[in-house]
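Engineer: my questions concern the predicted model and sequence given below.
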Amino acid sequence: MEESGFNRDQAECLTGILVTILSKEAELKNTELVTKEQKELMMKDFFSHIAALRKDMIILERSEFSALKNENEKLQIEIQQLKTKLKDELSNLRNTMTLDLNLEKSRSKEMSAEHDQSIQNNNHRITTEVANMMAKLEATKNDLLKYFAGILLGSITIGLGFYRIIAR
């Protein structure tokens with residue numbers, strides 16, 4: 001029966017029923033002697049019960065098969081929906097990540113531009129300060145040369161004045 005498509009429980013149940021029916025029939029035959037007509041009538045009745053049982057089993061098998069088929073179709077539809085949902089979620093995630101990356105790129109470019117501008121401003125300020133210091137240094141150097149020249153000339157003049165006074 002398992003080869004016919006029944007599961008193990010169904011096959012055992014049917015086998016049990018058939019064994020019970022056959023044992024009851026055997027008891028009846030052993031206890032009573034029946035005529036050939038009664039025997040044929042009982043056989044027809046027995047075969048009609050078996051046919052009805054077989055018919056019920058086929059109907060049960062078909063209904064279970066159709067139920068399994070319907071459940072399988074529902075599961076396939078659900079799987080397709082889940083696949084579609086997953087694809088949409090992945091697409092949304094990919095788009096969000098791309099947008100975030102582009103925003104971070106633009107922020108880093110802006111920060112880099114700000115840093116470059118700051119560096120240029122600092123370089124310009126340093127250059128200006130160095131030029132101012134060089135100008136002040138040059139002015140101080142010129143002033144020192146003037147004072148040195150003035151002191152030297154004054155000292156020479158005083159020295160020549162003493163020399164003239166001593167030499168007379």
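Structural biologist: Cool, the structure landed. Numbers count the residues shown, from 1 in each chain.
Engineer: what number of residues lie near Glu129?
Structural biologist: As a burial measure, Glu129 scores 10 neighbours (other C-beta atoms under 10 Å). Quick note: C-beta positions are derived from backbone N, CA and C, even for glycine.
Engineer: what's the helix or strand for it?
Structural biologist: Glu129 belongs to helix 36-167 when assigned by DSSP states H and E.
Engineer: give me the pLDDT for Ile58.
Structural biologist: As predicted, Ile58 sits at a pLDDT of 83.
Engineer: ok, now which ones touch it?
Structural biologist: Counting by C-beta atoms under 8 Å, 6 or more residues apart in numbering, Ile58 touches no other residue.
Engineer: so how far is Ser48 from it?
Structural biologist: 15 Å (C-beta to C-beta, to the nearest Å).
Engineer: roughly how far does Leu90 sit from Met97?
Structural biologist: Taking C-beta to C-beta, one finds Leu90 at 10 Å from Met97.
Engineer: cool, Ala149 as well?
Structural biologist: Taking C-beta to C-beta, one finds Ala149 at 76 Å from Met97.
Engineer: repeat that for Phe162.
Structural biologist: In terms of C-beta to C-beta, Phe162 sits 94 Å off from Met97.
Engineer: Phe6 sits in which helix or strand?
Structural biologist: Using DSSP H and E, Phe6 falls outside every helix and strand.
Engineer: wait, doesn't it sit right on Leu14?
Structural biologist: Yes - counting by C-beta atoms under 8 Å, Phe6 touches Leu14, with 6.9 Å between them.
Engineer: okay, and the common contacts of these two?
Structural biologist: With contacts defined as C-beta under 8 Å, 6+ apart, the residues shared by Phe6 and Leu14 are Met57.
Engineer: packing partners for whichever strand or helix holds Asp9?
Structural biologist: Asp9 is part of helix 8-31 when elements are defined by DSSP H and E. Applying 3 or more C-beta pairs under 8 Å, 6 or more residues apart in numbering; DSSP states H and E, we find helix 8-31 packed against helix 36-167.
Engineer: fine by me, we can end here.
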